[in-house]
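Asker: quick one, fold the following:
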Amino acid sequence: MHLSTHNWMRAEPLEVTLRRIKRLGFESIEISGEPKQYDSKTSRALLKQHGIRCWGAVTLTLGERNLAASNESQRAASVAYVKSVVTMVHELEGTECTIVPATVGKVVPDGTPEEEWKWVVDGLKEVYAHAQKCGVKMAIEPLNRFETYFLNRADQALRLAQDVGPDCGVCLDVFHMNIEEADMHAAIRKVGSRLADVHVAENNRLAPGMGSIDWKKFVGTLKEVGYKGALTMEAVAPVDRTPVSPWPNQVEKNPVDISPEQLKFIQDHGSSLLSEEFYTMLYEVASRTLLPLIR
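Answerer: Below you'll find the model as predicted:
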């Protein structure tokens, strides 16, 4: 196992992210699923310059992106989007692509359970064929019920992966598991060899080491099922605007340019534009907590 990270949680140049994580013992990055934002040639050069490899990418399933949509053209556009993320991973010499099938934040279905399952399976099968050609592993990620109605638990994601194809995997996220799973360790064991990616954050979605998760036990269970992939940092820090905030430096006072869609995505996750000082602290804590457990 090794440490990796997403980079969608703070708007900053890719080079800034790479410089920080290299210093703190991270080995790879799971790049935000925005192929138009990350030119493959430029991004690949930056990765090599900083000695960080691309682990993969995660789909940013926002706006009209929705494999469970009732509108056929919307589903087709969503499939094309996910395939473009897979292509980006391939071009960056990455390993996997984590996929959230339905729009994040959408909690009302478009059709019957049977209709939506078929729509999603059909769409993912098309992506799967493309991923197989690219040599990229797909990993289906369930989210908690407040972010999606479609997939919330490991057993649901496992069934979806099985319906898509024999080499389709599952991604598990500790934050979501802490909400939805009766026993997150049993869920890991159930997914077993299909486990292709793991996202890490505390029960409060701060960095590992700042909450109540038993990380020694968690990492031990991953080792038990033979998982050898990334632990991908996805701390989405809640912003404390009250007088008791322990982090007076938390919010960025001089924000860089960020698209309205990206800002909404971050804010919809209960966070905001975070200062570099505070954000770096999260990574320092995560590194101190997890590195000794995986070495």
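Asker: okay, Glu96 and Gly25: tell me how far apart.
Answerer: To Gly25, Glu96 is 21 Å away according to CB to CB, to the nearest Å. Quick note: C-beta positions are derived from backbone N, CA and C, even for glycine.
Asker: neighbour-wise, which of those two wins?
Answerer: Glu96 (25 against 16; other CB atoms under 10 Å).
Asker: which strands and helices lie in contact with the longest helix along the chain?
Answerer: For the chain, the longest helix by residue count, based on DSSP state H, is helix 113-134. Packing partners of helix 113-134 (3 or more CB pairs under 8 Å, 6 or more residues apart in numbering; DSSP states H and E): helix 72-91, strand 96-99, strand 137-140, helix 154-164.
Asker: and it, what's buried?
Answerer: Buried residues in helix 113-134, counted by 16 or more other CB atoms under 10 Å: 116-117, 119-121, 123-124, 126-128, 130-131, 134.
Asker: closest to Val285 out of the residues you listed?
Answerer: Val285 has its nearest neighbour among the buried residues of helix 113-134 in Ala131, at 34.0 Å by CB to CB.
Asker: contacts only, for that closest one.
Answerer: Val86, Cys97, Lys137, Met138 (CB atoms under 8 Å, 6 or more residues apart in numbering).
Asker: now those residues in JSON lines, with distance to Ala286?
Answerer: Below are those laid out as JSON lines (distance: CB to CB, whole Å):
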{"residue": "Val86", "distance to Ala286": "27"}
{"residue": "Cys97", "distance to Ala286": "23"}
{"residue": "Lys137", "distance to Ala286": "24"}
{"residue": "Met138", "distance to Ala286": "26"}
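Asker: show me which of the residues you listed are buried.
Answerer: Val86, Cys97, Lys137, Met138.
Asker: follow-up on the earlier one: extract the C-alpha set from the longest helix of the chain and format it as PDB.
Answerer: Output in PDB follows, covering the C-alpha atoms of helix 113-134 (Å, rounded to 0.1, in the frame of the first residue of the first chain):
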ATOM      1  CA  PRO A 113     -35.100   0.800  -9.600                       C
ATOM      2  CA  GLU A 114     -35.100  -1.700 -12.500                       C
ATOM      3  CA  GLU A 115     -34.900   1.100 -15.100                       C
ATOM      4  CA  GLU A 116     -32.100   2.900 -13.400                       C
ATOM      5  CA  TRP A 117     -30.100  -0.200 -12.700                       C
ATOM      6  CA  LYS A 118     -30.300  -1.100 -16.400                       C
ATOM      7  CA  TRP A 119     -29.400   2.400 -17.600                       C
ATOM      8  CA  VAL A 120     -26.300   2.400 -15.300                       C
ATOM      9  CA  VAL A 121     -25.200  -1.100 -16.200                       C
ATOM     10  CA  ASP A 122     -25.500  -0.500 -19.900                       C
ATOM     11  CA  GLY A 123     -23.600   2.800 -19.600                       C
ATOM     12  CA  LEU A 124     -20.800   1.300 -17.500                       C
ATOM     13  CA  LYS A 125     -20.500  -1.700 -19.800                       C
ATOM     14  CA  GLU A 126     -19.700   0.800 -22.600                       C
ATOM     15  CA  VAL A 127     -17.100   2.400 -20.400                       C
ATOM     16  CA  TYR A 128     -15.800  -1.000 -19.300                       C
ATOM     17  CA  ALA A 129     -15.100  -2.000 -22.900                       C
ATOM     18  CA  HIS A 130     -13.100   1.300 -23.400                       C
ATOM     19  CA  ALA A 131     -11.300   0.800 -20.000                       C
ATOM     20  CA  GLN A 132     -10.200  -2.700 -21.000                       C
ATOM     21  CA  LYS A 133      -8.700  -1.400 -24.200                       C
ATOM     22  CA  CYS A 134      -6.900   1.300 -22.200                       C
END
